[in-house]
Every structure is written in C-alpha cells, then in structure tokens.
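Novice: take this sequence and fold it.
(one chain, ligands or ions: 1)
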Amino acid sequence: MKILISSLSISGERPIAGLLYLLGTAVALSLSLLLSFPVVSVEVGATERGQDNPSTGVPADFLRKELAGRENLVWTGHTIPDTDSFAASLLAAFIYGGKPGLPGALNPESRFAIDECDVDEPEVIEDFSGMTMGLVDFNQSTQLPPGTDPDSIAAIIDHHAIGGSPINIPNVITIEIRPWGSTATILVDHAQKLGIELPVPLACMGLAAILSDTVNLTSPTTTVYDKAYAQKLAKRAGITDINQLAERMLLAKSDLGGLSARDIVLLDYKNFEFGGKKVGIGVAETLTAQQLINRRYQLKSAIEAQKKESGVDHLFFAIVDTRDNKSYLLWGDDEDKHIVVSAFGGDIKDDMLVADGVISRKRQIGPSIQRAVEKLGAD
Ligand SMILES: [Mn+2]
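Specialist: Purely as a prediction, here's the structure:
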C-alpha cells in the first residue's frame with residue numbers, strides 16, 4: 001500500500017526535547033558523544049543532552065513552537081532534488097507540519113528509493129510564490145527554488161557549509177546546520193528528540209537518504225550519528241541488509257545509459273559562488289564509471305554548452321567512481337582545466353584528471369575548487 005506523505009501529520013501535543021544546535025555546539029556534542037557512546041548507540045537523546053542541559057542554550061520545543069500555525073508551510077530542498085533533499089522535505093513536513101514541495105523531477109536513484117519505500121511521487125512545484133518556506137539540505141541562494149520570497153523563509157535545516165552566497169534573509173529565523181552525513185539524519189534525530197515514531201515508509205526514505213549522501217556510510221562526511229540512525233531506521237523499516245539496499249541504490253544511480261550527456265551533467269548539479277565567481281559543479285556517482293568515461297567527449301560538449309547557456313563563470317563535472325573510490329574530473333575550456341589542475345594536482349590523461357580518494361562534492365570537490373577559484377581571483 002502506498003502512503004501519501006503530504007496528508008500525514010502529527011497530533012498536536014507531543015513531548016518535545018531539545019533540537020536547535022548551532023554548529024559549534026554540534027561539534028562539541030559530537031565529540032563528547034563520540035567519546036562516550038559505541039558506534040551503534042542511538043540513544044543520543046533527551047536524558048544525555050536534553051532540555052535540562054544548559055549547554056544547548058535552546059528551549060526544547062523551539063522550532064516546533066516557532067513553526068506552529070504557520071500558514072501554507074512548504075518544505076523544500078535545493079532546485080535539483082536528490083534523495084536526501086527529498087527525504088528531508090518529507091521528514092520535516094511530517095515532524096513540523098506543512099507539506100513537502102518537490103522543486104524538480106526526481107533522479108533515477110530517488111525514484112528507485114520511493115518505489116522501494118512505497119512512497120508516492122509528488123508533483124513538481126514550478127513556482128513557490130506565496131508559500132511559507134522551510135528549507136532543507138541547502139543554504140545557498142544559488143540553489144533556491146523559483147518564486148521563493150526571502151521574507152517567507154521560516155527555517156533552514158542543513159548539513160552544508162555556509163559558502164560564498166548564503167541566502168539573504170531579512171528576518172531572523174531558525175537555522176540549524178550540523179556537520180552530519182545527511183540532512184535526513186538531523187531530522188531523524190529531531191523526531192527521536194520529540195518522541196515521534198516515523199511511519200515505515202518514512203523510516204525507509206530516511207535510511208535511503210543517509211546511504212545516498214554518505215555513499216553507504218563510507219564517505220568522509222559520515223558521522224557516528226549517521227551510522228547509528230541508519231541501523232535504527234533499517235530496523236524500523238524491516239530492512240535486514242543495509243549493504244544490499246545501498247548497492248541496489250548505487251546500481252539505480254549508475255543506470256545512466258538512457259540519458260543524454262546534458263541530462264547526466266545536470267542530474268546532480270549545484271551552483272555556487274566562489275570568490276565572486278559563479279561556479280557550477282555536477283557529479284555522477286556511479287559503480288560503472290567506464291560507461292561515462294567512454295562518453296567523456298559528449299560530456300565535455302555538454303559542459304561547454306551548459307556553461308554558455310547558464311552564464312556561469314566556471315563549470316566542472318565529476319564522474320565519481322564509488323567502486324574504486326576516485327573521481328574523474330571533466331571541464332569545458334582551458335581556464336577551467338587550469339582550475340582543476342590547481343585544485344587537484346596530478347596528471348591529465350585522456351582529457352580527464354583522476355583524483356584518487358575523492359568522492360564527496362561537499363567535503364572534497366567543492367572546497368578544492370573553491371580554493372583554486374579564489375586563488376585565481378587573487379593572482
Ligand atoms: Mn544532503
């Protein structure tokens with residue numbers, strides 16, 4: 001049986017425990033919890049660091065109260081959805097009320113996940129005008145869905161660095177960023193703190209999101225929380241073999257044979273602003289990198305065309321080989337090639353630069369390119 005997530009809601013009064021943590025607090029807590037808990041412990045909740053702990057500095061039900069009664073609340077991720085941004089919008093809407101709002105078509109991996117988890121595919125919202133916005137899984141203005149009114153942004157829950165172009169928000173709102181492996185992990189932690197049990201389809205989507213963003217808990221972004229909550233969600237969703245689910249998701253993600261080079265470049269694509277320059281970075285995580293390597297000249301043409309069309313200053317694309325733990329960097333023109341070499345070093349072979357051990361856009365590819373672009377600007 002399928003469930004319609006948008007019709008789910010939680011009943012009015014539930015016990016609520018602490019939720020808002022600023023970055024520094026989260027780091028400190030992560031460290032203290034790392035020291036005191038085994039990897040599989042998920043009991044990171046109320047009694048250990050709940051509302052009575054003054055170090056959190058936050059009223060227990062802060063965000064819940066702040067969002068209560070907000071009209072027309074819609075939760076959305078970055079413009080090109082991925083499994084984490086979509087799952088996070090489902091989770092946030094379930095926990096805090098409002099509806100999930102999908103800003104673009106789901107990618108093949110996310111589609112596989114919703115089939116697997118028995119969640120209906122929602123309609124894409126083309127224009128978010130007039131909606132109160134809860135943002136999940138991003139904080140950059142370059143990734144804002146169309147029609148978003150900055151005055152109407154009510155909250156941001158995210159796990160990305162505040163980069164070169166954070167959203168310009170006129171009001172003081174709740175922003176929670178934790179350096180965890182997925183936004184879904186943060187929201188699952190909220191649910192746990194609030195004493196909210198997730199329905200099985202949502203637990204399944206939460207697990208899929210964690211596995212997607214952390215590349216089956218192997219990416220350098222993975223934390224003890226991601227591992228612990230993945231176990232807990234798997235149990236709740238009745239999934240006995242996490243590795244098998246992750247492998248099948250990666251296969252779904254790798255199945256790009258039917259897509260045009262342009263679609264592949266834009267499948268998991270984000271715009272950034274580094275050193276005053278507009279920079280686009282697309283990635284394709286795949287178990288079958290050779291398929292995409294064989295199409296590298298098509299991809300290069302698509303990168304050049306997209307760069308012109310979108311007007312960005314630099315555009316890069318990475319074939320992320322999740323089987324062999326490396327990335328193949330592609331670029332459009334010579335200036336971008338120069339940046340890639342400056343960012344990752346190493347030799348260019350067959351018009352690609354191979355970066356060993358590099359698989360995370362958030363932790364590795366993005367920051368390296370940012371430094372290189374800023375260095376170029378400073379020269
Ligand atoms: Mn994410």
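
Novice: around the ion, pick out the residues from the stretch 151-300 of the chain.
Specialist: 183, 213 (C-beta under 5 Å from the ion). Every residue, glycine included, has its C-beta placed from N, CA and C.

Novice: all strands of the stretch 151-300 of the chain, in order?
Specialist: Along the stretch 151-300 of the chain, counting by DSSP state E, counting those that start in this stretch, strands occupy 153-158, 174-177, 269-274, 277-286.

Novice: strands paired with the second one, and their directions?
Specialist: Looking at strand 174-177 with DSSP bridges, its partner strands are strand 153-158 (parallel).

Novice: for whatever residue of the chain ends up closest to the ion, give me its contacts.
Specialist: At 3.5 Å from the ion, D84 is the closest residue in the chain, using C-beta to the ion. By C-beta atoms under 8 Å, 6 or more residues apart in numbering, D84 lies in contact with 77, 137, 182-184, 209-210, 212-213.

Novice: do A289 as well
Specialist: 319-321, 323-324, 328.

Novice: 6 Å instead, please
Specialist: Contacts for A289 (C-beta atoms under 6 Å, 6 or more residues apart in numbering) come out as 319, 321.

Novice: and the helices in the stretch 201-350 of the chain?
Specialist: Secondary structure of the stretch 201-350 of the chain (DSSP state H, counting those that start in this stretch): helices located at 224-237, 242-254, 261-267, 289-293, 296-310, 334-344.

Novice: hang on, the earlier thing: the strands of the stretch 151-300 of the chain into a markdown table, with extra columns for mean pLDDT?
Specialist: Listed next are these as a markdown table, based on pLDDT from 0 to 100:
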| stretch | mean pLDDT |
| --- | --- |
| strand 153-158 | 95 |
| strand 174-177 | 92 |
| strand 269-274 | 94 |
| strand 277-286 | 96 |
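
Novice: distance to G257 and mean neighbour count for the ones you listed - can I get that in CSV?
Specialist: Below are these laid out as CSV (distance: least, C-beta to C-beta, whole Å; neighbours: other C-beta atoms under 10 Å):
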stretch, distance to G257, mean neighbour count
strand 153-158, 33, 22
strand 174-177, 37, 19
strand 269-274, 19, 21
strand 277-286, 11, 22
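
Novice: can you count the residues close to the residue nearest to A184 when sequence neighbours are not counted?
Specialist: Nearest residue to A184 in three dimensions, chain neighbours excluded: A209, at 3.6 Å (C-beta to C-beta, 6 or more residues apart in numbering). Residue crowding around A209 was assessed by other C-beta atoms under 10 Å; the count is 32.

Novice: most packed of the helices of the stretch 201-350 of the chain?
Specialist: helix 224-237 (a mean of 22; mean count of other C-beta atoms under 10 Å).

Novice: in JSON lines: the strands of the stretch 151-300 of the chain, plus distance to G164.
Specialist: JSON lines is the format used below for the strands of the stretch 151-300 of the chain (distance: least, C-beta to C-beta, whole Å):
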{"stretch": "strand 153-158", "distance to G164": "15"}
{"stretch": "strand 174-177", "distance to G164": "16"}
{"stretch": "strand 269-274", "distance to G164": "4"}
{"stretch": "strand 277-286", "distance to G164": "8"}
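
Novice: looking at the ones you listed, which is closest to Q244?
Specialist: strand 277-286 (17.6 Å; C-beta to C-beta).

Novice: check which helices and strands that closest one sits against.
Specialist: strand 269-274, strand 314-321 (3 or more C-beta pairs under 6 Å, 6 or more residues apart in numbering; DSSP states H and E).

Novice: as TSV, the ones you listed with distance to T223 would be great.
Specialist: As requested, these are exported to TSV (distance: least, C-beta to C-beta, whole Å):
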stretch	distance to T223
strand 269-274	22
strand 314-321	20
